[in-house]
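**Q** Please find the sequence and the predicted model below.
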Amino acid sequence: MQRAFATFIFAVLFAFTAQAETIRVTSYNTGFLERGGVDFVPCIAERLVPQVMLVMGYTAISPRNEPFAILLQEVWTPAAFEAYRRVAKSRGLFYAPKTFAEIQNNGQMTITNMKVEETKFVPFESESYAGRGIRTIEVQTSRGTLIIANVHTSYSDATGFLPAHRAQFEQITQYFWEHSKRASLIVGGDFNAGGKMSFHGAIYDAKAVVWDRSLEPAFAILGMRSIGDPNAVTWDQERNLLVSDPTRIIRLMNYFVHGGPNWDQASSRLDNIFASWNLTATSSGRTMIAPVKVARTCAGHTDREGRMHLSDHYGIHATFQL
């Protein structure tokens, strides 16, 4: 009797395990912001090859035998797009968009090993200077339709919650409202907001206004919640030299805008992943947080050992059981 019962339990567990489907989602702002041949984030050329090699070769981000999706932001240079496109194509992966002309104004690229049934890009209506927005892919899983979105919003500053930023959160809710009724949703990206966010010399409580009262509710209405630790910073002024040691052009801009050479944003959580409540997150955390050695031509922005972070943002990841 005991053996029969044990066999039954094993069979049930085996059947459950066999049916379980997982997906790894990573969001990473690559920091390849260049305009007119000028690097707005330091050392774009020096960071490019090691970054692409790590993102596309690290099994915790792009595993060989497990469904995954990589949501990239600020792929704003032809060289960066081509480098990611080339590796994705060589591995037989789906990537969107297909041409640099489709990404040069928004910088948002999605790479996955899943079969994509539909892909779409919707720009934000309130975007002030770039063509950022919502890039989605739609896939079928054993539990039905899953929509994965790559988002990059505008930002606020020390003066307050800026209108374009607020309007984009509202557009996110409006856009996904009908989708949430027919599909599970995973939305990741750079929202310039998080459970931990603050500005130097701010005249308001940024976390309370931008995160607590706006972004979290925008997703709660859709039956979604934030995945991972909302206080784990992805914009690190203390440890990331690409943040604490800006380029000359950024220092000049900051003087005019903030009255000082550095960013007004203190160490904050800017990148997030949200998911429908019916999706179980089995793990989550940050990635791309270790500095690596780069070419000596970038010595002015490296530590004593010639190392630097590969972006001014850290990446974030989550694994879901569908």
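**A** Looks like it came in fine.
**Q** ok now the lengthiest strand in the chain, how far from the chain's centre?
**A** Ordering each strand of the chain by length in residues (DSSP state E) puts strand 22-32 first. From the chain centre to the centre of strand 22-32 is a distance of 5 Å (CA atoms, centre = their mean, to the nearest Å).
**Q** List the beta-bridge partners for the residue nearest to residue 158 when sequence neighbours are not counted.
**A** Nearest residue to residue 158, sequence neighbours excluded (CB to CB, 6 or more residues apart in numbering): residue 199, at 3.8 Å. Any C-beta I mention is one placed from the backbone N, CA and C, and that applies to glycine too. Beta-bridge partners recorded for residue 199 (DSSP bridges): residue 265.
**Q** separation between residue 199 and residue 244?
**A** With the distance defined as CB to CB, to the nearest Å, residue 199 ends up 15 Å from residue 244.
**Q** Show me which of the two is the more surrounded one.
**A** Counted by other CB atoms under 10 Å, residue 199 and residue 244 do not tie: residue 199 has more neighbours, with 19 against 15.
**Q** ok, back up a step: parallel or antiparallel, which strands does the longest strand of the chain pair with?
**A** Its sheet considered, strand 22-32 pairs with strand 68-75 (parallel), strand 315-321 (antiparallel) by DSSP bridges.
**Q** Go through those and pick out the most buried.
**A** Of those, the one with the most neighbours on average (mean count of other CB atoms under 10 Å) is strand 68-75, at a mean of 26.
**Q** Out of the strands paired with strand 22-32, flag the one nearest residue 47.
**A** strand 68-75 (11.6 Å; CB to CB).
**Q** Report how many residues lie close to the nearest residue to residue 307 once chain neighbours are set aside.
**A** Excluding its sequence neighbours, the residue lying closest to residue 307 (CB to CB, 6+ apart) is residue 291, at 3.9 Å. Using other CB under 10 Å, residue 291 has 17 other residues around it.
**Q** contacting residues around residue 291?
**A** Residue 291 makes contact with 302-303, 307-309 under the criterion CB atoms under 8 Å, 6 or more residues apart in numbering.
**Q** Now the buried members of those.
**A** Using 16 or more other CB atoms under 10 Å as the burial test, those include 302, 308-309 as buried.
**Q** which one of those residues sits closest to residue 187?
**A** residue 309 (24.9 Å).
**Q** what about the closest one, distance to residue 233?
**A** As for residue 309, its distance to residue 233 is 13 Å (criterion: CB to CB).
**Q** One more: residue 43?
**A** 21 Å.
**Q** so residue 121 bridges to which residues?
**A** Taking DSSP bridges as the rule, residue 121 bridges to residue 135.
**Q** so where's the stretch 151-300 of the chain shaky on pLDDT?
**A** Across the stretch 151-300 of the chain, the ranges flagged by pLDDT under 70 are 253-256, 258, 260-261.
**Q** Now do the strands in it.
**A** Under the criterion DSSP state E, counting those that start in this stretch, strands of the stretch 151-300 of the chain are mapped to 184-190, 224-227, 271-276, 280-287, 292-293.
**Q** Pipe the ones you listed into a markdown table and attach distance to residue 203 per row.
**A** A markdown table is the format used below for the strands of the stretch 151-300 of the chain (distance: least, CB to CB, whole Å):
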| stretch | distance to residue 203 |
| --- | --- |
| strand 184-190 | 24 |
| strand 224-227 | 26 |
| strand 271-276 | 24 |
| strand 280-287 | 30 |
| strand 292-293 | 38 |
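**Q** Compare those strands and give me the one nearest residue 22.
**A** strand 280-287 (7.0 Å).
**Q** got a list of contacts for that closest one?
**A** 22, 26, 28, 58, 60-61, 227-229, 232, 234, 273, 275, 314-321.
**Q** What of stretch 189-196?
**A** By CB under 8 Å, 6+ apart, the residues outside stretch 189-196 that reach it are 27, 29, 71, 73-74, 108, 149-156, 165, 207, 210-211, 214-215, 226, 229-234, 267-272, 313.
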